[in-house]
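> attaching a predicted model along with its sequence, questions to come.
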Amino acid sequence: MTEPESGEMSFWDHLTELLQRLKKVLYVFIVTILIVMVVPLSVDLANLDPSNFFYQTLASTVINDFQSRFLPQETILIPFSFYAPLEIYIFISVIIGAVIGLPVAAYQIYGFLSPALHAHERKFALQFTFVFIMLFSFGFALGYFYIVPLTFQTMLTFTSLLELTPTYYFSEFFSMVGMILLVSGLLFTFPIYIYLLVKAQLLKTQQLTQNRKYMYGGLLILIAVVDPDPSLVTELVTFIPIVVLMELSILISKRIEKQANSVENPDTTK
């Protein structure tokens, strides 16, 4: 077995560095999750009751905000089991803690990969990360302020039309909210993948323009399947911005494709 050249790290050195970075990420996630679960947002010491030591944390505030924002006061949420509220509390805490600690994870991964990347590759990695976060955040915000409220408003309208009591399972409500928010964020990152496929020359923009109707038709069906709202309101609120982003990504991809063709075939550009 040959020794690695001077200045180069062996496989085990790389593995050790990766494990150390992942350990830091794990510690950050644990700390942020505990902060979300335990640290009080505010404590009124004057009115502190020893018989009731519960207080508002970031996790409980988010849970209460979801209920007050997305459901009317007459709606009743009941736990399916004794453990359902605790499960939801832990689930929300893990999600919030992971989101808070995500920049640290991204930094550690970038720090591990950075020595192996060229300058233009590092620039592209940073741009990709930034655009991904922006698009995901935009989709998440759109889901939070419009898609989720419109979905529940429509569903509750049908409940009132049928003269039913709006009573739902506690865990089912939060599972639906979490799924819609996550899917909303991920759907809006879809243009990035189109751009990457074109940049890697695995997809042609001509194929995209020729198959627009099938692509957008499939996207609309996917949104309709994911979103339980039987009306077309939330589908359109989600669909129209995605189409705009997709068309923008196609325009940018055409420019990248043209530049790649000009490099490969310089005589054709003359």
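Good, I have the coordinates. All values reported here derive from a predicted model rather than from experimental measurement.

> thought F80 was touching F170?
Yes - between F80 and F170 there is a contact under C-beta atoms under 8 Å: 6.9 Å. All C-beta spots, glycine's among them, are computed from the backbone N, C-alpha and C.

> before we move on, what SS does the closest residue to E172 other than its chain neighbours have?
Spatial nearest neighbour of E172, chain neighbours left out: F80 (7.6 Å); criterion: C-beta to C-beta, 6 or more residues apart in numbering. Three-state assignment for F80 (DSSP: H, G, I helix; E, B strand; the rest coil): coil.

> I'd like the distance between F80 and L208.
Separation of F80 from L208 (C-beta to C-beta, to the nearest Å) stands at 45 Å.

> between those two, which one's more packed in?
Per other C-beta atoms under 10 Å, whichever of F80 and L208 has more neighbours is L208, with 19 against 12.

> nearest spatial neighbour of the more buried one, chain-adjacent residues omitted?
Counting by C-beta to C-beta, 6+ apart, the residue nearest L208 is I250, at 5.5 Å.

> ok, the residue nearest to E172 to N64 distance?
19 Å.

> just I221 next, same as before
Taking C-beta to C-beta, one finds I221 at 35 Å from N64.

> averaged pLDDT, the host helix or strand of N64. What do you get?
N64 belongs to helix 58-70 when assigned by DSSP states H and E. In this model, helix 58-70 carries a mean pLDDT of 90.

> can you tell me what sits against that helix?
With contact meaning C-beta atoms under 8 Å, 6 or more residues apart in numbering, helix 58-70 is reached by 35-37, 39, 41, 77, 88-89, 92-93, 96, 148-149, 152, 173-174, 177.

> that older thread, give me the buried positions along whichever helix or strand the residue nearest to L208 is part of.
Following DSSP H and E, one finds I250 within helix 233-264. Within helix 233-264, the residues scored as buried using 16 or more other C-beta atoms under 10 Å are 233-235, 237-239, 242, 245-246, 249-250, 252-254, 257.

> swap in stretch 202-215?
Using 16+ other C-beta under 10 Å as the test for burial, stretch 202-215 gives L203, T205, L208, M215.

> got a list of contacts for it?
With contacts defined as C-beta under 8 Å, 6+ apart, stretch 202-215 is touched by I194, L197, V198, M246, I250, S253, K254, E257.
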